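S.K.: pasting the sequence and the predicted model now:
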Amino acid sequence: MEPGFSRRLLVVVVLSMLLTASVSVFAQSDAPKADSVRWLTYVDPSFDFSIKYPSDWQVIPRDDSDPEAMSGLLKFVPSVASEVAGLTNSSDDPQGSGAQVVVGLYLAELEAGQSLSEWTDLYESLGYDSDEALVQRRPRKVIRVKGVTAVHEEGVSLVTPYQFTNLTHGRTVWFIWTNIPSGSEAPDSSVYRKMVRSFRFGKNAPSTLQEVYGFDFEPLNLEL
């Protein structure tokens, strides 16, 4: 083999290797990246429940140091949105700005023999006489969440689209509320569904409001 041919062949081989390497690099950079969002578990130390949330969201805890704070709200918000909107843990504005999921405890208890659907009807009837016609509701659904009876509702209120899921533990009634619209086309709609499905009570979760607020506390009477 002539030396000139060998050198030309070597150049072709080297160029071929470089071209292959460059194609490989471009292929890797153009390939879709793996989803980096993980699901974390929040365990509430006071009320002994747990719920999963995405790692690109953050938890805004209750202020349990305030003895006057009743039915303290626990919020989950997208990390970027929370920084932009400057959300706080105040319960004065549960709708707030941007997507959020709120977990809380109602101040009315489930009465003996009363179904959660009946309880929800009574609670939702409070204070809605003037704007009932302006609130668009879909029919409520009775579902099961981790073996617990739950009632789910979707709709649009005067200020925001909403979804809520009511759950019971003993005589207590809990809610998981969001301003994320329902429907697979809505951003973050799958986040709310997965968070609801992951909600679980621990063995030490309070079954009465007096366990939370003391024996002198009187629950709200929905029959008034």
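M.R.: Sure thing, it's come through. Numbering: from 1, shown residues only.

S.K.: low-confidence regions, this protein specifically.
M.R.: 1-35, 66-72, 81-97, 127-133, 184, 224 (pLDDT under 70).

S.K.: now do the helices in it.
M.R.: 3-30, 79-85, 116-124, 189-198, 210-213 (DSSP state H).

S.K.: quick one, strands of the chain?
M.R.: Ranges of strands within the chain are 39-43, 49-54, 57-60, 74-78, 101-105, 136-137, 141-145, 148-156, 161-169, 172-178, 200-201, based on DSSP state E.

S.K.: nearest to Ala186, out of those?
M.R.: strand 161-169 (8.3 Å; CB to CB). C-beta: built from backbone N, CA, C; applies to glycine.

S.K.: so which residues make contact with the closest one?
M.R.: With contacts defined as CB atoms under 8 Å, 6 or more residues apart in numbering, strand 161-169 is touched by 106, 110, 116, 119-120, 143, 145, 148-156, 173-182, 192, 196, 199, 201, 205-207.

S.K.: quick one: buried ones out of these?
M.R.: The neighbour-count test (16 or more other CB atoms under 10 Å) marks 106, 110, 116, 119-120, 145, 150-155, 173-182, 192, 196, 199, 201, 205-206 as buried among the contacts of strand 161-169.

S.K.: the strands of the chain into TSV, with extra columns for distance to Phe217?
M.R.: Shown next, in TSV, are those (distance: least, CB to CB, whole Å):
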stretch	distance to Phe217
strand 39-43	25
strand 49-54	20
strand 57-60	25
strand 74-78	20
strand 101-105	12
strand 136-137	31
strand 141-145	26
strand 148-156	23
strand 161-169	17
strand 172-178	12
strand 200-201	20
